[in-house]
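Asker: turn this into a structure:
(one chain, ligands or ions: 2)
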Amino acid sequence: MSIQKIMVIGAGQMGSGIAQVAAQTGFQVILQDIKDEYLARGLKVIEKNLTHNIEKGKISVEEKEQILARFQLTTELGLASEADFIIEAATENMGTKTKIFQELDQIARPDVILASNTSSLPITEIAAVTGRPNQVIGMHFMNPVPVMPLVEVIRGLATTDVVYQTVENLAKTMKKTPVEVNDFPGFISNRVLLPMINEAIYTVYEGVATPEAVDQVMKLGMNHPMGPLELADFIGLDTCLSIMEILHEGLGDSKYRPCPLLRKYVKAGWLGRKTGRGFYVYE
Ligand SMILES: CC(=O)CC(=O)SCCNC(=O)CCNC(=O)[C@H](O)C(C)(C)COP(=O)(O)OP(=O)(O)OC[C@H]1O[C@@H](n2cnc3c(N)ncnc32)[C@H](O)[C@@H]1OP(=O)(O)O
Ligand SMILES: NC(=O)C1=CN([C@@H]2O[C@H](COP(=O)(O)OP(=O)(O)OC[C@H]3O[C@@H](n4cnc5c(N)ncnc54)[C@H](OP(=O)(O)O)[C@@H]3O)[C@@H](O)[C@H]2O)C=CC1
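Answerer: Ligands and ions are numbered 1, 2, ... in the order given. Purely as a prediction, here's the structure:
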């Protein structure tokens, strides 16, 4: 089966990034979210990024138009019947994702692979709610998607070699570097990254230092491009908390307990950049 049309579920920061990269690498794209305003917001970010690419001389005005012409926007899952490949990038919540996968399983052609961009939820558990667990896989892009070269490709328990190979090839066609990972909580990226971010939050919680000081130490002392708290705000504090909860529950070790300050910020609606406030305040 050749993949020409990719459907992306969720037009948030990850979904819109994945949709942009798919359209830029020649695929037709169906972008779905639950409300028109979220689709409009996602498309606005894509248009802004493409305009920036024109200013940088990376693409022409005509290419921008061609890329945008590849998009179909919808608030319904029904167009999944037209897709050759589907990747879900909705909110990091097992209930949300299993509902989407159950519906997609009914609508999508039987040969179609269903991928999830989940940061940490078990692929095997998502796959188990469908009638095609051998065709369910994790395709985990990094934020910001247009810039970061990595895609973790996560095999669920039942994922076949053919399905894995198709997704590895797709990641390469999308000009990304795939890395194979087995299905364990947090995969590689977030098993390593999130405990560092959580520990950085503990240093603020325990009064060791201010967020600015923690970030400065990691940027100037360890050459990280962003400090861990700046990065947490960028990822989204709700997503960070979900990942820590999955690590804590899935690995059963108290070293993964989410910092109470992280919980408090999420309860307050301080989710980072996307809500204008997290460890820092944004315009
Ligand atoms: C939670 C998970 O499940 C997994 C994850 O994704 S964890 C998060 C992983 N990501 C990271 O760790 C990102 C760490 N940060 C960085 O690498 C860098 O700060 C950064 C790439 C985001 C920005 O780089 P920078 O050099 O500080 O800033 P800047 O010069 O403005 O940007 C570099 C380029 O990236 C582009 N860019 C920056 N942010 C962007 C965004 N959100 N969307 C699209 N492009 C973006 C800029 O336009 C610029 O492109 P040009 O060279 O064409 O001008
Ligand atoms: N943030 C990051 O750095 C990374 C995140 N991820 C993963 O990507 C996924 C998306 O994260 P991110 O883009 O940051 O989150 P966002 O909150 O930016 O976007 C999620 C989008 O999905 C929408 N949505 C919620 N429920 C549904 C549904 N039933 N059907 C369709 N769309 C829905 C949300 O709408 P609404 O606003 O109404 O909720 C929102 O527009 C998560 O699984 C996350 O773990 C992976 C890599 C990095």
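Asker: residue 171 and residue 60, how far apart?
Answerer: With distances taken as Cβ to Cβ, to the nearest Å, residue 171 is found 26 Å from residue 60. For glycine as for every other residue, the C-beta is placed from the backbone atoms N, C-alpha and C.
Asker: mind jotting down where the strands sit in the stretch 1-150 of the chain?
Answerer: Taking DSSP state E, counting those that start in this stretch to define them, one finds strands in the stretch 1-150 of the chain at 5-9, 28-32, 71-74, 85-88, 113-116, 136-141, 150-155.
Asker: partners of the first one in the sheet?
Answerer: What that stands for is strand 5-9. Using DSSP bridges, the strands paired with strand 5-9 in its sheet are strand 28-32 (parallel), strand 85-88 (parallel).
Asker: which residue packs closest to the residue of the stretch 151-283 of the chain found nearest ligand 1, ignoring adjacent ones?
Answerer: Ranking the residues of the stretch 151-283 of the chain by distance to ligand 1 (Cβ to the nearest ligand atom) places residue 225 first, at 3.7 Å. Using Cβ to Cβ, 6 or more residues apart in numbering and skipping residues adjacent in sequence, the residue nearest residue 225 is residue 219, 7.5 Å away.
Asker: what's the burial count for that neighbour?
Answerer: 15 (other Cβ atoms under 10 Å).
Asker: who's in contact with it?
Answerer: Contact analysis of residue 219 by Cβ atoms under 8 Å, 6 or more residues apart in numbering lists 225-227.
Asker: redo those as TSV? Include secondary structure and distance to ligand 2.
Answerer: Listed next are the contacts of residue 219 as TSV, based on DSSP: H, G, I helix; E, B strand; the rest coil; distance: Cβ to the nearest ligand atom, whole Å:
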residue	secondary structure	distance to ligand 2
225	coil	14
226	coil	11
227	coil	15
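Asker: do I have it right that residue 86 meets residue 117?
Answerer: No: here residue 86 lies out of contact with residue 117, judged by Cβ atoms under 8 Å, at a distance of 11.0 Å.
Asker: verify the stated contact: residue 6 with residue 88.
Answerer: No: the pair formed by residue 6 and residue 88 falls short of the contact definition of Cβ under 8 Å, at 11.6 Å.
Asker: ramachandran coordinates for the residue in the chain that ligand 2 sits nearest to?
Answerer: Distances between the chain and ligand 2 by Cβ to the nearest ligand atom are smallest at residue 12, namely 1.8 Å. When read as degrees, to the nearest 10, the backbone of residue 12 gives phi -80, psi -160.
Asker: and residue 257, how many neighbours does it have?
Answerer: Counted with other Cβ under 10 Å, the burial measure for residue 257 works out to 13 neighbours.
Asker: how far away is the residue lying closest to it once chain neighbours are set aside from residue 263?
Answerer: When the adjacent residues along the chain are set aside, residue 257 lies closest to residue 248, with 5.6 Å between them (Cβ to Cβ, 6+ apart). For residue 248, the distance to residue 263 (Cβ to Cβ) stands at 12 Å.
Asker: what residues of the helix ranked longest in the chain count as buried?
Answerer: Within the chain, and with DSSP state H defining each element, the longest helix by residue count is helix 36-55. Buried residues in helix 36-55, counted by 16 or more other Cβ atoms under 10 Å: 38-39, 42-43, 45-46, 49-50, 53.
Asker: so residue 73 makes contact with residue 39?
Answerer: Yes: the pair formed by residue 73 and residue 39 meets the contact definition of Cβ under 8 Å, at 4.6 Å.
Asker: what is in contact with these two at once?
Answerer: Shared contacts of residue 73 and residue 39, defined by Cβ under 8 Å, 6+ apart, comprise 11, 31-32.
Asker: burial count for residue 202?
Answerer: Using other Cβ under 10 Å, residue 202 is surrounded by 17 other residues.
Asker: go on, residue 32?
Answerer: The number of residues near residue 32, taken as other Cβ under 10 Å, comes to 27.
Asker: who's in contact with it?
Answerer: Under the criterion of Cβ under 8 Å, 6+ apart, the contact partners of residue 32 comprise 7-11, 39, 73-77, 79.
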